[in-house]
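1. structure for this input, please:
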Amino acid sequence: MRLFQATTYFLPMCGPDMVDFKLDEVQEMLRELAHQFAEDEVRPHAEKWDHDSLYPIETIKAAHEMGLLNLHIPEAYGGAGLGTFEEVIVNEELAWGDPGFSTAAYATGLACAPIITGATDFQKEKYLSMVAEKGALASYAVTEPGAGSDVASISTTAKKENDEYVLNGSKMWITGAGYADWFFVLAKTDPDAGYRGMSGFIVESDWEGLSLGKKETNMGQRCSDTRSITFDNVRVPEENLVGGSESGGWMNAMNAFDMSRPNIAAHATGLSRAAYEHALNYSHERQSFGKPLHKHQAIQFMLADMKTKVEASRLLTWKSAIEFDNGITNTESAAHAKRFAADSCMEVTTDAVQVFGGYGYSEEYPVARLMRAAKVMQIYEGSSQVQRMIIGREITKNL
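-> Okay, the predicted model is just below:
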């Protein structure tokens, strides 16, 4: 039974000449609920999860029961029917609790995005309801050993045989793969047609021919389960071809990023905020040359820059989420948010370690873990370089 479900949307216009950034009552309640959950159920376990590479399955289930996950699933399929804006509010708080947890918990949301944007009613009813009502987990399986940012280079194929597709190939760096009940998989149905020949499929994890690789040992966010997947003549029913037709898979998979990238930007913002707050508090507790660290202008300027980056990251994130919810194309704004928040996150966490000095380099303090966790923000869901490519394309396409 979900403890939170509502259908309020945020539109920050309170007049023709003014923008109001104040959350409404429902959104503020949701933010407080997420923050309290992060403080009580996530932070106390974050260090152990990371140290022992423990997947936080029970806490993910608890977050689901609290109504904090997959808020974008429509009410018709058992979801809360909320917007991307409400999701980014929650995801900032969960990442503030622990970025590894927020990544692990959001993996299903990313897999659901192309189902929401492009699946048939039958597919939505079956698979979105599994997530919303039963707490099923899912993973987005697009990246391959030889195809990361260059999605058009994937080599996984799906060949039609009667009323089935036979899937062969492999995927890599798939978040949540070891616990997923189903996968959104991108494969080539027409290998000679480039990205136009790609189709999306929903593949259940227990189907014959699907196998998982070992859990990867990553630099940071170690509680998030990341694995490879191999498809060896996996037979996929025709009814699991996303959208019911071939060739639209690439565009649907890319459109899903317009929904998901604001949430990844929110993760980066929450992570930055956590690192900044640790550094700020430490700068008050630690004495140097007879006064608190924050009394030294060099440290005070570092803290000021960190706070500016947190605030700017949040505003870019909110803008991209609000545009999506209001039917405004947000490809550019989502890229701005993801790129800036991710790069800022790396900078803020690095500076937080610097404020802590030698203690910051020790795993005894949380900022070392946060700095390790920050790096992947610049890599997954489109690297910072890819985001710049998207921005460049968007701002020059009409010249």
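2. can you show me the strands along the stretch 101-250 of the chain?
-> Ranges of strands in the stretch 101-250 of the chain, per DSSP state E, counting those that start in this stretch, are 138-141, 157-161, 164-175, 182-188, 198-204, 210-212, 226-237.
3. for those, give me a markdown table that also has distance to Gln36 and mean neighbour count.
-> Where you see a C-beta, it was placed from the backbone N, CA and C, and this is true even at glycine. Formatted as a markdown table, these follow (distance: least, CB to CB, whole Å; neighbours: other CB atoms under 10 Å):
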| stretch | distance to Gln36 | mean neighbour count |
| --- | --- | --- |
| strand 138-141 | 27 | 28 |
| strand 157-161 | 45 | 17 |
| strand 164-175 | 26 | 21 |
| strand 182-188 | 31 | 27 |
| strand 198-204 | 35 | 24 |
| strand 210-212 | 35 | 15 |
| strand 226-237 | 29 | 19 |
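4. any chance of these in JSON lines, plus mean pLDDT?
-> Below are the strands of the stretch 101-250 of the chain laid out as JSON lines (pLDDT from 0 to 100):
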{"stretch": "strand 138-141", "mean pLDDT": "97"}
{"stretch": "strand 157-161", "mean pLDDT": "96"}
{"stretch": "strand 164-175", "mean pLDDT": "97"}
{"stretch": "strand 182-188", "mean pLDDT": "97"}
{"stretch": "strand 198-204", "mean pLDDT": "97"}
{"stretch": "strand 210-212", "mean pLDDT": "98"}
{"stretch": "strand 226-237", "mean pLDDT": "97"}
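5. can you check which of these gets nearest to Val310?
-> Evaluated with CB to CB, these place strand 164-175 nearest to Val310, the distance being 24.6 Å.
6. who does that closest one touch, helix- and strand-wise?
-> helix 99-118, strand 138-141, strand 157-161, strand 182-188, strand 198-204, strand 226-237 (3 or more CB pairs under 8 Å, 6 or more residues apart in numbering; DSSP states H and E).
7. sorry, back to before: want to try a markdown table for the strands of the stretch 101-250 of the chain, with distance to Gln287 as columns?
-> Formatted as a markdown table, the strands of the stretch 101-250 of the chain follow (distance: least, CB to CB, whole Å):
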| stretch | distance to Gln287 |
| --- | --- |
| strand 138-141 | 48 |
| strand 157-161 | 64 |
| strand 164-175 | 42 |
| strand 182-188 | 53 |
| strand 198-204 | 58 |
| strand 210-212 | 51 |
| strand 226-237 | 41 |
